[in-house]
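J.: Task: produce atomic coordinates for the following.
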Amino acid sequence: MPKEVSADLRWRVVYLYSHGLTITDIANTLYMTKSVVKIINLYEKWACVTNSFKGVPGRRRFFDREDMRILQNLVKDKVDWYLDELLYEIENHTGKRVSISALWRSLHCLGITRKKVLQ
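T.: Numbers count the residues shown, from 1 in each chain. Presented below is the predicted three-dimensional model:
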């Protein structure tokens with residue numbers, strides 16, 4: 001994976017380009033590849049040097065803090081429920097429909113890895 005170019009260096013590219021240097025000259029001066037064209041195009045289109053539309057890395061979260069609190073309370077109240085029963089209840093409480101694996105990951109984030117039924 002290529003190394004991310006810092007914002008300071010991106011502004012330096014724009015500065016050199018605005019003073020009339022060619023893309024090849026900028027690339028040779030800053031010891032970069034000719035991919036600086038992307039930075040210049042981004043600046044000309046949006047007047048910024050970072051892509052603000054670039055998403056946050058990682059998996060998208062289904063539940064917010066309130067939903068996680070509801071899930072934690074459901075698990076505390078009903079320790080002997082199966083995942084599909086929890087799934088049905090969380091859908092009734094939050095209105096969000098998720099898969100069993102997403103529910104399992106959310107439980108794992110809460111620190112609940114296995115439910116043991118005490119008899």
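J.: V98: neighbouring residues, count only.
T.: Using other CB atoms under 10 Å, V98 has 17 neighbouring residues. Placement of C-beta: from N, CA and C, glycine included.
J.: Three-state assignment for it, please.
T.: What DSSP: H, G, I helix; E, B strand; the rest coil gives for V98 is coil.
J.: quick one: it and S52, what's the gap?
T.: 29 Å (CB to CB, to the nearest Å).
J.: so where's the protein uncertain?
T.: Within the chain, the ranges that satisfy pLDDT under 70 run 1-2, 55-56, 115-119.
J.: let's see 90
T.: Residue ranges of the chain with pLDDT under 90: 1-7, 31-39, 41-42, 44-65, 67, 75-84, 94-119.
J.: mind giving me the domain ranges of the chain?
T.: Segmentation of the chain into domains, based on automatic domain parsing, reads 7-46, 65-109.
J.: Looking at those, which is nearest to G58?
T.: Ranking the domains of the chain by proximity to G58 (CB to CB) places domain 65-109 first, at 11.9 Å.
J.: what's the first-to-last distance across that closest one?
T.: For domain 65-109, the first-to-last residue distance is 11 Å (CA to CA, to the nearest Å).
J.: Check the secondary structure at D8 for me.
T.: helix.
J.: got the contact list for stretch 33-41?
T.: V5, R10, V13, V14, Y17, I23, T24, I26, A27, L30, V49 (CB atoms under 8 Å, 6 or more residues apart in numbering).
J.: Verify the stated contact: the last one with R12.
T.: No: here V49 does not reach R12: they are 9.5 Å apart, not a contact under CB atoms under 8 Å.
J.: where along this protein do the strands fall?
T.: Assigned by DSSP state E, the chain shows no strands.
J.: just the helices in it please.
T.: Using DSSP state H, the helices found in the chain span residues 7-18, 23-29, 36-46, 65-77, 83-94, 100-109.
J.: Could you count how many residues lie near L86?
T.: L86: 20 neighbours (other CB under 10 Å).
J.: No further queries at this time; thank you.
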